[in-house]
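Novice: Predicted model and sequence follow; I will ask about them next.
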Amino acid sequence: MDKPSLDKAVNLFRIVEIMSSRGFGNAPDPFGWLGNILMTRFDQFGDHSDLDEAIINYQRALHSRPLGHPARAPGLRNLSAALLARFKLHGTRFDLDDVILKAVEALELTPPSHADRAAILDNYANALLARFDQFGDRFDLEEAIIKHQNALELRPPGHASRALSLNNLSNALLTRFKHTSAQYDLDEAILNHQRALDMRPPGHPYRSKSLHNLSNAIFARFDIFGDRHDLDNAITNYRGSIELTPRSHPGRLPSLSNLANVLLSRFELLGKHSDLDEAIILHRHTVELTPLNHPLRFLTLNNISTALLVRFDSFGDQSDLDEAIATHRDSAQLTPPGHPSRALNLNNLSNALLRRFEVLDHSYDLDEAIINYQGALEQTRLVIPTAP
(Lines give C-alpha, C1' and ligand atoms only; values in the text may rest on other atoms or scores of the structure.)
Protein backbone atom coordinates (compact mmCIF):
# COMPACT_ATOMS: atom_id res chain seq x y z
CA MET A 1 0.00 0.00 0.00
CA ASP A 2 1.45 3.41 -0.95
CA LYS A 3 1.75 6.29 1.53
CA PRO A 4 -1.27 8.34 0.33
CA SER A 5 -3.48 5.25 0.72
CA LEU A 6 -2.07 4.52 4.16
CA ASP A 7 -2.61 8.14 5.21
CA LYS A 8 -6.24 7.97 4.11
CA ALA A 9 -6.75 4.69 5.93
CA VAL A 10 -5.26 6.11 9.15
CA ASN A 11 -7.51 9.16 8.97
CA LEU A 12 -10.56 7.01 8.26
CA PHE A 13 -9.97 4.72 11.24
CA ARG A 14 -9.26 7.69 13.52
CA ILE A 15 -12.72 9.00 12.62
CA VAL A 16 -14.26 5.56 13.18
CA GLU A 17 -12.48 5.32 16.54
CA ILE A 18 -13.78 8.71 17.67
CA MET A 19 -17.32 7.92 16.54
CA SER A 20 -17.28 4.56 18.33
CA SER A 21 -15.95 6.10 21.55
CA ARG A 22 -18.86 8.56 21.49
CA GLY A 23 -21.45 5.84 21.04
CA PHE A 24 -22.08 6.35 17.33
CA GLY A 25 -21.96 3.22 15.19
CA ASN A 26 -20.78 -0.23 16.17
CA ALA A 27 -17.46 -0.69 14.39
CA PRO A 28 -15.69 -3.93 15.42
CA ASP A 29 -12.36 -3.27 17.15
CA PRO A 30 -11.58 0.28 15.87
CA PHE A 31 -8.50 0.43 18.14
CA GLY A 32 -7.03 -2.78 16.74
CA TRP A 33 -7.66 -1.78 13.12
CA LEU A 34 -6.10 1.64 13.62
CA GLY A 35 -3.12 0.03 15.33
CA ASN A 36 -2.65 -2.32 12.36
CA ILE A 37 -2.69 0.51 9.82
CA LEU A 38 -0.28 2.59 11.91
CA MET A 39 2.10 -0.37 12.23
CA THR A 40 1.99 -0.92 8.47
CA ARG A 41 2.88 2.73 7.90
CA PHE A 42 5.65 2.54 10.52
CA ASP A 43 7.13 -0.59 8.89
CA GLN A 44 7.30 1.13 5.52
CA PHE A 45 8.30 4.68 6.48
CA GLY A 46 9.73 4.49 9.99
CA ASP A 47 7.87 7.35 11.72
CA HIS A 48 8.32 6.74 15.48
CA SER A 49 5.07 8.53 16.29
CA ASP A 50 3.16 5.91 14.27
CA LEU A 51 4.69 3.17 16.41
CA ASP A 52 3.86 4.94 19.68
CA GLU A 53 0.28 5.58 18.57
CA ALA A 54 -0.09 1.98 17.42
CA ILE A 55 0.98 0.73 20.87
CA ILE A 56 -1.55 3.00 22.58
CA ASN A 57 -4.33 1.68 20.34
CA TYR A 58 -3.29 -1.94 20.81
CA GLN A 59 -3.33 -1.41 24.58
CA ARG A 60 -6.84 0.03 24.32
CA ALA A 61 -7.94 -2.90 22.19
CA LEU A 62 -6.50 -5.39 24.69
CA HIS A 63 -8.22 -3.58 27.57
CA SER A 64 -11.54 -4.31 25.87
CA ARG A 65 -10.62 -8.01 25.65
CA PRO A 66 -10.33 -9.29 29.24
CA LEU A 67 -9.37 -12.83 30.23
CA GLY A 68 -11.70 -15.28 28.51
CA HIS A 69 -12.41 -13.02 25.53
CA PRO A 70 -12.11 -15.03 22.28
CA ALA A 71 -10.04 -12.30 20.58
CA ARG A 72 -7.59 -11.71 23.43
CA ALA A 73 -4.80 -13.77 21.84
CA PRO A 74 -4.66 -11.71 18.60
CA GLY A 75 -4.63 -8.55 20.72
CA LEU A 76 -1.67 -9.88 22.70
CA ARG A 77 0.09 -10.82 19.45
CA ASN A 78 -0.30 -7.35 17.95
CA LEU A 79 0.78 -5.54 21.09
CA SER A 80 3.83 -7.76 21.63
CA ALA A 81 4.99 -7.18 18.03
CA ALA A 82 4.70 -3.41 18.44
CA LEU A 83 6.49 -3.42 21.81
CA LEU A 84 9.32 -5.47 20.30
CA ALA A 85 9.67 -2.91 17.51
CA ARG A 86 9.93 -0.16 20.12
CA PHE A 87 12.49 -2.12 22.11
CA LYS A 88 14.66 -2.39 19.00
CA LEU A 89 14.51 1.40 18.68
CA HIS A 90 15.14 2.42 22.28
CA GLY A 91 16.39 -0.69 24.08
CA THR A 92 14.03 -0.29 27.05
CA ARG A 93 14.17 -3.48 29.15
CA PHE A 94 10.56 -3.02 30.30
CA ASP A 95 9.32 -3.32 26.71
CA LEU A 96 11.32 -6.52 26.18
CA ASP A 97 10.01 -8.16 29.37
CA ASP A 98 6.47 -7.13 28.42
CA VAL A 99 6.85 -8.71 24.97
CA ILE A 100 7.86 -12.04 26.49
CA LEU A 101 5.04 -12.04 29.05
CA LYS A 102 2.40 -11.24 26.42
CA ALA A 103 3.78 -13.74 23.93
CA VAL A 104 3.70 -16.52 26.53
CA GLU A 105 0.09 -15.71 27.39
CA ALA A 106 -0.87 -15.56 23.72
CA LEU A 107 0.71 -18.98 23.07
CA GLU A 108 -1.24 -20.48 25.96
CA LEU A 109 -4.47 -19.14 24.45
CA THR A 110 -3.75 -20.22 20.86
CA PRO A 111 -4.28 -23.83 19.70
CA PRO A 112 -1.30 -25.56 17.99
CA SER A 113 -2.98 -25.52 14.56
CA HIS A 114 -4.30 -21.95 14.74
CA ALA A 115 -3.29 -19.62 11.87
CA ASP A 116 -2.05 -16.94 14.30
CA ARG A 117 0.29 -19.23 16.22
CA ALA A 118 3.25 -18.76 13.86
CA ALA A 119 3.21 -14.97 14.30
CA ILE A 120 3.08 -15.35 18.09
CA LEU A 121 5.99 -17.81 18.00
CA ASP A 122 7.97 -15.29 15.93
CA ASN A 123 7.37 -12.49 18.43
CA TYR A 124 8.35 -14.70 21.33
CA ALA A 125 11.48 -16.00 19.58
CA ASN A 126 12.61 -12.53 18.48
CA ALA A 127 12.25 -11.26 22.05
CA LEU A 128 14.28 -14.21 23.38
CA LEU A 129 16.96 -13.50 20.79
CA ALA A 130 17.06 -9.83 21.80
CA ARG A 131 17.42 -10.85 25.44
CA PHE A 132 20.25 -13.21 24.52
CA ASP A 133 22.03 -10.37 22.70
CA GLN A 134 21.88 -8.28 25.88
CA PHE A 135 22.57 -10.85 28.59
CA GLY A 136 24.10 -13.88 26.85
CA ASP A 137 21.93 -16.65 28.32
CA ARG A 138 22.42 -19.57 25.91
CA PHE A 139 19.02 -21.00 26.85
CA ASP A 140 17.34 -17.96 25.28
CA LEU A 141 19.20 -18.52 22.01
CA GLU A 142 18.38 -22.23 21.77
CA GLU A 143 14.75 -21.60 22.69
CA ALA A 144 14.51 -18.86 20.06
CA ILE A 145 15.77 -21.23 17.35
CA ILE A 146 13.26 -23.91 18.35
CA LYS A 147 10.38 -21.42 18.30
CA HIS A 148 11.40 -20.09 14.88
CA GLN A 149 11.60 -23.65 13.56
CA ASN A 150 8.10 -24.28 14.90
CA ALA A 151 6.84 -21.13 13.18
CA LEU A 152 8.41 -22.17 9.86
CA GLU A 153 6.68 -25.56 10.05
CA LEU A 154 3.35 -23.73 10.31
CA ARG A 155 4.16 -21.80 7.10
CA PRO A 156 4.74 -24.40 4.35
CA PRO A 157 5.95 -23.53 0.82
CA GLY A 158 3.50 -21.14 -0.77
CA HIS A 159 2.48 -19.51 2.51
CA ALA A 160 2.45 -15.70 2.29
CA SER A 161 4.63 -15.33 5.40
CA ARG A 162 7.12 -18.13 4.72
CA ALA A 163 9.82 -15.63 3.72
CA LEU A 164 9.43 -13.94 7.10
CA SER A 165 9.92 -17.24 8.94
CA LEU A 166 12.95 -18.12 6.81
CA ASN A 167 14.52 -14.76 7.64
CA ASN A 168 13.80 -15.05 11.36
CA LEU A 169 15.17 -18.57 11.66
CA SER A 170 18.26 -17.68 9.64
CA ASN A 171 19.03 -14.67 11.85
CA ALA A 172 18.89 -16.89 14.93
CA LEU A 173 21.10 -19.53 13.30
CA LEU A 174 23.62 -16.87 12.31
CA THR A 175 23.70 -15.64 15.90
CA ARG A 176 24.43 -19.17 17.10
CA PHE A 177 27.13 -19.58 14.44
CA LYS A 178 28.90 -16.46 15.74
CA HIS A 179 29.09 -18.07 19.18
CA THR A 180 29.81 -21.68 18.23
CA SER A 181 31.39 -21.49 14.71
CA ALA A 182 29.18 -24.41 13.63
CA GLN A 183 29.48 -24.35 9.82
CA TYR A 184 26.10 -26.01 9.27
CA ASP A 185 24.33 -23.10 10.98
CA LEU A 186 25.99 -20.61 8.61
CA ASP A 187 25.25 -22.74 5.53
CA GLU A 188 21.58 -23.07 6.48
CA ALA A 189 21.31 -19.37 7.26
CA ILE A 190 22.68 -18.34 3.83
CA LEU A 191 20.47 -20.83 1.99
CA ASN A 192 17.32 -19.71 3.80
CA HIS A 193 18.11 -16.00 3.39
CA GLN A 194 18.57 -16.51 -0.35
CA ARG A 195 15.25 -18.35 -0.52
CA ALA A 196 13.55 -15.52 1.35
CA LEU A 197 15.05 -12.92 -0.99
CA ASP A 198 13.79 -14.86 -4.01
CA MET A 199 10.28 -14.61 -2.53
CA ARG A 200 10.64 -10.82 -2.30
CA PRO A 201 11.30 -9.55 -5.84
CA PRO A 202 12.05 -5.90 -6.71
CA GLY A 203 9.17 -3.75 -5.50
CA HIS A 204 8.39 -5.94 -2.49
CA PRO A 205 8.12 -3.78 0.67
CA TYR A 206 10.41 -6.08 2.68
CA ARG A 207 13.07 -6.72 0.05
CA SER A 208 15.45 -4.33 1.84
CA LYS A 209 15.31 -6.48 4.98
CA SER A 210 16.14 -9.62 3.03
CA LEU A 211 19.08 -7.92 1.30
CA HIS A 212 20.41 -6.80 4.68
CA ASN A 213 20.02 -10.22 6.29
CA LEU A 214 21.61 -12.07 3.36
CA SER A 215 24.55 -9.64 3.46
CA ASN A 216 25.11 -10.40 7.16
CA ALA A 217 25.38 -14.12 6.45
CA ILE A 218 27.58 -13.71 3.35
CA PHE A 219 29.97 -11.44 5.23
CA ALA A 220 30.20 -14.01 8.03
CA ARG A 221 31.27 -16.56 5.40
CA PHE A 222 33.87 -14.14 4.05
CA ASP A 223 35.36 -13.90 7.55
CA ILE A 224 35.96 -17.67 7.43
CA PHE A 225 37.11 -18.30 3.87
CA GLY A 226 38.20 -14.87 2.65
CA ASP A 227 36.45 -15.15 -0.72
CA ARG A 228 36.56 -11.70 -2.37
CA HIS A 229 33.33 -12.54 -4.21
CA ASP A 230 31.48 -12.79 -0.86
CA LEU A 231 32.92 -9.46 0.27
CA ASP A 232 31.82 -7.63 -2.89
CA ASN A 233 28.38 -9.26 -2.79
CA ALA A 234 27.87 -8.19 0.81
CA ILE A 235 28.74 -4.58 -0.08
CA THR A 236 26.39 -4.60 -3.08
CA ASN A 237 23.51 -6.02 -1.06
CA TYR A 238 23.99 -3.61 1.86
CA ARG A 239 23.95 -0.71 -0.58
CA GLY A 240 20.78 -2.12 -2.14
CA SER A 241 19.14 -2.38 1.27
CA ILE A 242 20.06 1.22 2.15
CA GLU A 243 18.72 2.53 -1.17
CA LEU A 244 15.36 0.88 -0.50
CA THR A 245 15.06 2.18 3.08
CA PRO A 246 13.77 5.74 3.74
CA ARG A 247 16.35 8.04 5.36
CA SER A 248 14.31 8.43 8.54
CA HIS A 249 13.56 4.71 8.95
CA PRO A 250 15.21 3.07 12.00
CA GLY A 251 15.93 -0.04 9.91
CA ARG A 252 18.48 1.97 7.95
CA LEU A 253 20.93 2.17 10.85
CA PRO A 254 22.02 -1.53 10.95
CA SER A 255 22.71 -1.53 7.21
CA LEU A 256 24.78 1.66 7.49
CA SER A 257 26.82 0.20 10.34
CA ASN A 258 27.35 -3.15 8.65
CA LEU A 259 28.25 -1.58 5.30
CA ALA A 260 30.88 0.47 7.13
CA ASN A 261 32.36 -2.68 8.69
CA VAL A 262 32.48 -4.47 5.34
CA LEU A 263 34.12 -1.48 3.63
CA LEU A 264 36.73 -1.47 6.38
CA SER A 265 37.42 -5.14 5.69
CA ARG A 266 37.85 -4.41 1.98
CA PHE A 267 40.24 -1.57 2.78
CA GLU A 268 42.33 -3.94 4.90
CA LEU A 269 42.32 -6.40 1.99
CA LEU A 270 42.93 -4.02 -0.93
CA GLY A 271 44.14 -0.75 0.64
CA LYS A 272 41.65 1.47 -1.17
CA HIS A 273 41.61 4.79 0.71
CA SER A 274 38.05 5.69 -0.35
CA ASP A 275 36.71 2.53 1.34
CA LEU A 276 38.25 3.57 4.67
CA ASP A 277 36.99 7.16 4.44
CA GLU A 278 33.47 6.01 3.57
CA ALA A 279 33.50 3.54 6.45
CA ILE A 280 34.34 6.33 8.93
CA ILE A 281 31.66 8.62 7.49
CA LEU A 282 29.06 5.85 7.80
CA HIS A 283 30.12 5.03 11.37
CA ARG A 284 29.79 8.70 12.33
CA HIS A 285 26.29 8.65 10.91
CA THR A 286 25.32 5.57 12.96
CA VAL A 287 26.57 7.23 16.16
CA GLU A 288 24.42 10.28 15.38
CA LEU A 289 21.38 8.07 14.77
CA THR A 290 21.78 5.93 17.91
CA PRO A 291 19.96 7.33 20.98
CA LEU A 292 22.24 8.37 23.86
CA ASN A 293 20.51 5.94 26.25
CA HIS A 294 20.42 2.95 23.88
CA PRO A 295 22.01 -0.11 25.56
CA LEU A 296 24.04 -0.95 22.42
CA ARG A 297 25.36 2.55 21.76
CA PHE A 298 28.78 1.45 22.98
CA LEU A 299 29.03 -0.83 19.93
CA THR A 300 28.63 2.08 17.51
CA LEU A 301 31.32 3.97 19.42
CA ASN A 302 33.64 0.96 19.31
CA ASN A 303 33.12 0.64 15.56
CA ILE A 304 34.15 4.19 14.76
CA SER A 305 37.12 3.95 17.15
CA THR A 306 38.35 0.85 15.34
CA ALA A 307 38.09 2.54 11.95
CA LEU A 308 39.87 5.68 13.20
CA LEU A 309 42.73 3.58 14.57
CA VAL A 310 43.06 1.80 11.23
CA ARG A 311 43.30 5.17 9.47
CA PHE A 312 45.84 6.41 12.01
CA ASP A 313 48.00 3.31 11.51
CA SER A 314 47.75 3.76 7.75
CA PHE A 315 48.30 7.52 7.40
CA GLY A 316 49.55 8.77 10.78
CA ASP A 317 47.10 11.60 11.48
CA GLN A 318 47.36 12.25 15.23
CA SER A 319 43.79 13.61 15.39
CA ASP A 320 42.46 10.17 14.40
CA LEU A 321 44.29 8.54 17.31
CA ASP A 322 43.10 11.21 19.78
CA GLU A 323 39.49 10.85 18.63
CA ALA A 324 39.68 7.05 18.82
CA ILE A 325 40.85 7.27 22.46
CA ALA A 326 38.12 9.74 23.36
CA THR A 327 35.49 7.54 21.74
CA HIS A 328 36.78 4.42 23.48
CA ARG A 329 36.49 6.30 26.78
CA ASP A 330 32.86 7.12 25.99
CA SER A 331 32.20 3.48 25.16
CA ALA A 332 33.80 2.28 28.42
CA GLN A 333 31.62 4.70 30.41
CA LEU A 334 28.53 3.09 28.86
CA THR A 335 29.54 -0.35 30.17
CA PRO A 336 29.69 -0.13 33.98
CA PRO A 337 31.24 -2.79 36.25
CA GLY A 338 29.45 -6.11 35.73
CA HIS A 339 28.55 -5.39 32.10
CA PRO A 340 29.58 -8.36 29.88
CA SER A 341 31.38 -6.04 27.42
CA ARG A 342 33.24 -3.91 29.97
CA ALA A 343 36.45 -5.96 29.86
CA LEU A 344 36.58 -5.69 26.07
CA ASN A 345 35.98 -1.94 26.17
CA LEU A 346 38.67 -1.34 28.80
CA ASN A 347 41.07 -3.49 26.80
CA ASN A 348 40.34 -1.52 23.61
CA LEU A 349 40.89 1.76 25.42
CA SER A 350 44.18 0.51 26.86
CA ASN A 351 45.41 -0.62 23.46
CA ALA A 352 44.70 2.83 22.00
CA LEU A 353 46.41 4.59 24.93
CA LEU A 354 49.43 2.33 24.59
CA ARG A 355 49.56 3.16 20.87
CA ARG A 356 49.69 6.89 21.70
CA PHE A 357 52.35 6.30 24.36
CA GLU A 358 54.50 4.62 21.71
CA VAL A 359 54.14 7.71 19.51
CA LEU A 360 54.31 10.59 22.02
CA ASP A 361 56.04 8.96 25.03
CA HIS A 362 53.67 10.55 27.56
CA SER A 363 53.88 8.57 30.78
CA TYR A 364 50.29 9.38 31.76
CA ASP A 365 49.03 7.42 28.72
CA LEU A 366 51.03 4.39 29.87
CA ASP A 367 49.77 4.77 33.45
CA GLU A 368 46.14 4.97 32.31
CA ALA A 369 46.62 1.98 29.98
CA ILE A 370 47.98 -0.15 32.84
CA ILE A 371 45.09 0.84 35.14
CA ASN A 372 42.55 -0.07 32.47
CA TYR A 373 44.29 -3.37 31.64
CA GLN A 374 44.06 -4.23 35.34
CA GLY A 375 40.40 -3.23 35.35
CA ALA A 376 39.74 -5.45 32.33
CA LEU A 377 41.44 -8.39 34.05
CA GLU A 378 39.41 -7.87 37.22
CA GLN A 379 36.20 -7.58 35.18
CA THR A 380 37.01 -10.89 33.49
CA ARG A 381 37.26 -12.54 36.90
CA LEU A 382 33.84 -11.14 37.81
CA VAL A 383 32.15 -12.30 34.60
CA ILE A 384 33.85 -15.71 34.27
CA PRO A 385 34.01 -17.55 37.62
CA THR A 386 37.23 -19.42 38.36
CA ALA A 387 36.91 -23.18 37.95
CA PRO A 388 37.18 -25.14 41.19
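Specialist: On my side now, so go ahead.
Novice: what's the span of stretch 64-78 from first residue to last?
Specialist: Taking Cα to Cα, to the nearest Å, stretch 64-78 runs 14 Å from one end to the other.
Novice: and the longest helix for the protein?
Specialist: helix 363-383 (DSSP state H).
Novice: How is residue 204 assigned, secondary-structure-wise?
Specialist: What DSSP: H, G, I helix; E, B strand; the rest coil gives for residue 204 is coil.
Novice: ok, it to residue 151 distance?
Specialist: 20 Å (Cβ to Cβ, to the nearest Å). For every residue, glycine as well, the C-beta is placed using N, CA and C.
Novice: Neighbour count for the two, which is higher?
Specialist: residue 151 (24 against 14; other Cβ atoms under 10 Å).
Novice: okay, that one: pLDDT?
Specialist: pLDDT recorded at residue 151 is 97.
Novice: show me what contacts it?
Specialist: 117-119, 121-122, 125, 165, 168-169 (Cβ atoms under 8 Å, 6 or more residues apart in numbering).
Novice: looking at the protein, which helix or strand does the model trust least?
Specialist: Here the helix or strand of the chain ranked lowest by mean pLDDT, DSSP states H and E is helix 3-21, holding a mean of 66.
Novice: who are the neighbours of whatever helix or strand comes next after it, in terms of helices and strands?
Specialist: Next helix or strand after helix 3-21 toward the C-terminus (DSSP states H and E): helix 30-45. For helix 30-45, the packing partners by 3 or more Cβ pairs under 8 Å, 6 or more residues apart in numbering; DSSP states H and E come out as helix 3-21, helix 48-63, helix 72-90.
Novice: chain center to the longest helix of the chain, what's the gap?
Specialist: 30 Å (Cα atoms, centre = their mean, to the nearest Å).
Novice: which residues touch it?
Specialist: Against helix 363-383 from outside (Cβ under 8 Å, 6+ apart): 332, 337-338, 340, 342-344, 346-347, 349-351, 353-354, 356-357.
Novice: taking those one by one, which sit in strands?
Specialist: Per DSSP state E, strands hold no members of these.
Novice: Okay, and which of those residues map to helices?
Specialist: Using DSSP H, these in helices are 332, 342-344, 346-347, 349-351, 353-354, 356-357.
Novice: quick revisit: what is the mean pLDDT for the longest helix of the chain?
Specialist: Rounded mean pLDDT across helix 363-383 is 87.
Novice: And it, what's buried?
Specialist: 365-366, 368-369, 372-373, 375-376, 379 (16 or more other Cβ atoms under 10 Å).
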